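Asker: structure for this input, please:
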Amino acid sequence: MDLAKYCVNAVLVERRSMREVASATGRSKSWVHRHVALYRAGGEEALAPLKRGPKVPANLTSATLEGEIVAWRKRLAEDGLDAGARTIAWHLNQSGVEVPALSTIHRVLRRRGFVTPQPQKRPRSSWIRFESDLPNETWQSDMTHWHLKDDQPVEIINFVDDYSRAALSSEAVPVATAPEVVRVFYETAALYGLPASVLSDNGAIYTTAYRGSHSGMEVELATLGIAFKHGKPYHPQTQGKVERFHLTLKKWLAKKPAAATLAELQAQIDRFVHIYNEERPHTARGCPPMQAWRALDKATIEIDGQPLLAHTRVRRDRVDKTGCFTLRHRSKLHHVAVGRAHKGKRVLVLVADLDIRVIAEDGVMLRHLELDPSVDYQGRARAIV
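Answerer: Predicted coordinates for the structure are as follows:
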């Protein structure tokens, strides 16, 4: 029995005076009198304490805003995209809606049954994060598996920028081999410049050090002076950014009709990469990944003591029997002399506007020159000292 009922019972049943009951319970006479009057007017229900404050809290999320939050959650989830509070907040802001706090969005999602509380998960504050300071400082690379409509297995090679999380390339191939990885790397470098380092796992397409040999990727990066790093065996968290990209890509592909051919799958991947890079925020950066990639200067390597410009193109060639190789500049073909002593050698050619560097497979600089567009033959006398 609560105190109010006790006082009412003492006055009406035991016939004690209100002054006596008030003194025995430590309450005022007016307090006892008020509760006796409430009981006489409405019975025991009238003794229940009333809730204080406004009936509708002033900071209650409006039904319209809650509907917008739920609509974005469903829209993003149905398309296989991230649908967390941060992503929803970004889309609300883009659509001109006043954005509530992330905790408010999360509470709405939890109240509507879209989020199940998981108290056993580690808090974000306990995470130790590692990331590059600039775009192109490190690229993470890995391959993942997928299937076509007829259950034919295929593989997808990915390169992700460590700083911005931008997907620089994502290419479907029948089988991911070491030469395919090298080809995708150079195609990516032709678009985004060369990275200062590359991080991968210990798969055979990336390293054969455990067999006492060198993979094609190891040879190519060593030739260019690019650091090649590998995570610990059986520890995919080291390459966590590209691993997370695999998960995001597969979640999106799973929501789409199964591709019948490799070309159809590549078209789906290309569409996803555009959405991922340009149309959705990454929670780590707070903006679309490619926007973060464009915002800062790019890290670069140095060759022969000089930084390699971000727009440098990389191509492979072979020195012919005359000691030259051909290079096309603005639709005009030029013959660049390297020397008859190097005939038959495979070389890497780095082209940054008119700046040309020729590197042998062992990493030795064979020639560095400034191209003269007015002449065809670029003789050895034009080399930059």
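
Asker: list the contacts of D133.
Answerer: Going by Cβ atoms under 8 Å, 6 or more residues apart in numbering, D133 touches Y163, A299. Yep, even glycine has a C-beta here, placed from its N, CA and C like the rest.

Asker: quick one, helices of the protein?
Answerer: Using DSSP state H, the helices found in the chain span residues 3-12, 18-25, 29-42, 63-78, 85-94, 102-111, 178-192, 216-224, 240-254, 262-274, 289-295.

Asker: low-confidence ranges, this structure, go.
Answerer: 1, 53-59, 118-129, 303-311, 381-385 (pLDDT under 70).

Asker: state the distance from the spatially most central residue of it to G216.
Answerer: What sits nearest the mean C-alpha location of the chain, by Cα atoms, centre = their mean, is R165, with 4.2 Å. Distance, R165 to G216, by Cβ to Cβ, to the nearest Å: 26 Å.

Asker: just I69 next, same as before
Answerer: 49 Å.

Asker: more neighbours, the two?
Answerer: Neighbours per residue (other Cβ atoms under 10 Å) separate I69 from G216, with I69 holding more: 25 against 18.

Asker: picking up where we left off before, isn't the residue nearest to the centre of the chain right up against K241?
Answerer: Yes: between R165 and K241 there is a contact under Cβ atoms under 8 Å: 5.9 Å.

Asker: looking at the helices of the chain, which is nearest to A341?
Answerer: Of all the helices of the chain, it is helix 216-224 that lies closest to A341, at 18.9 Å by Cβ to Cβ.

Asker: list the contacts for the closest residue in space to G344 that isn't next to it in sequence?
Answerer: Leaving aside its chain neighbours, G344 sits nearest to V319 (6.4 Å; criterion: Cβ to Cβ, 6 or more residues apart in numbering). Contacts here follow Cβ under 8 Å, 6+ apart; on that basis V319 touches F325, V338, H342, K343, G344, K345, V347.

Asker: cutoff 6 Å now
Answerer: Residues near V319 by Cβ atoms under 6 Å, 6 or more residues apart in numbering: F325, V338, H342, K343, K345.

Asker: most neighbours, which of these?
Answerer: Most surrounded of these: other Cβ under 10 Å gives V338, at 23 neighbours.

Asker: against E155, how distant is that one?
Answerer: Where E155 is concerned, V338 sits at a distance of 37 Å (Cβ to Cβ).

Asker: quick one: L327 and H334 touch, right?
Answerer: Yes: L327 is within contact range of H334, at 5.1 Å (criterion: Cβ atoms under 6 Å).

Asker: hang on, G339 packs against C324?
Answerer: No: using Cβ under 6 Å, G339 makes no contact with C324, being 9.0 Å away.

Asker: what residues of stretch 151-164 count as buried?
Answerer: V154, E155, I156, I157, N158, F159, V160, D161, D162, Y163, S164 (16 or more other Cβ atoms under 10 Å).

Asker: same check, this time on stretch 215-229
Answerer: Quick answer for stretch 215-229 (16+ other Cβ under 10 Å): S215, G216, M217, E218, V219, E220, L221, T223, L224, I226, F228.

Asker: now stretch 245-252
Answerer: F245, H246, T248, L249, W252.

Asker: re the thing from before, so which of the helices of the chain is nearest I205?
Answerer: Of all the helices of the chain, helix 178-192 comes closest under Cβ to Cβ, at 4.8 Å.

Asker: render the CA-only coordinates of that closest one in CSV, please.
Answerer: The C-alpha coordinates for helix 178-192 follow below in CSV (Å, rounded to 0.1, in the frame of the first residue of the first chain):
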residue,chain,number,x,y,z
ALA,A,178,49.3,-12.6,-61.8
PRO,A,179,49.4,-11.1,-65.3
GLU,A,180,45.8,-10.0,-65.0
VAL,A,181,46.6,-8.2,-61.7
VAL,A,182,49.6,-6.4,-63.4
ARG,A,183,47.4,-5.4,-66.4
VAL,A,184,44.6,-4.0,-64.1
PHE,A,185,47.2,-2.2,-62.0
TYR,A,186,48.7,-0.4,-65.1
GLU,A,187,45.2,0.5,-66.4
THR,A,188,44.4,1.9,-63.0
ALA,A,189,47.6,3.9,-62.9
ALA,A,190,47.0,5.3,-66.3
LEU,A,191,43.8,6.9,-64.9
TYR,A,192,44.8,7.9,-61.4
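
Asker: run the angle between it and helix 216-224 for me.
Answerer: On the basis of axes from the mean of the first three to the mean of the last three Cα atoms, to 10 degrees, helix 178-192 is oriented at 40 degrees to helix 216-224.

Asker: can you give the contact residues for helix 178-192?
Answerer: 157, 159, 168-169, 171, 173, 205, 215-217, 220, 313-314.

Asker: list the ones among the residues you listed that fall in strands.
Answerer: Mapping these onto strands (DSSP state E) picks out I157, F159, L168, S169, E171, V173, R313, V314.

Asker: could you dump these to CSV with distance to V13?
Answerer: Below are these laid out as CSV (distance: Cβ to Cβ, whole Å):
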residue, distance to V13
I157, 86
F159, 84
L168, 84
S169, 86
E171, 87
V173, 89
R313, 98
V314, 97
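
Asker: who wins on neighbours among the residues you listed?
Answerer: L168 (28 neighbours).

Asker: what about that one, distance to Q140?
Answerer: 10 Å.

Asker: break this structure into its domains for me.
Answerer: Annotated domains of the chain cover 3-47, 63-117, 139-275+286-295, 312-382 [automatic domain parsing].

Asker: pick the most buried one from those domains.
Answerer: Across those, averaging neighbours per residue (mean count of other Cβ atoms under 10 Å) puts domain 139-275+286-295 on top, at a mean of 18.

Asker: hmm, back to that, of the buried residues of stretch 215-229, closest to T25?
Answerer: F228 (81.4 Å).

Asker: residues contacting the closest one?
Answerer: Contacts of F228 by Cβ under 6 Å, 6+ apart are V198, E218, L221.

Asker: which parts of the stretch 251-385 of the chain are strands?
Answerer: Residue ranges of the strands in the stretch 251-385 of the chain, as given by DSSP state E, counting those that start in this stretch, are 302-303, 306-307, 313-318, 324-329, 332-337, 346-352, 355-360, 365-370, 377-378.
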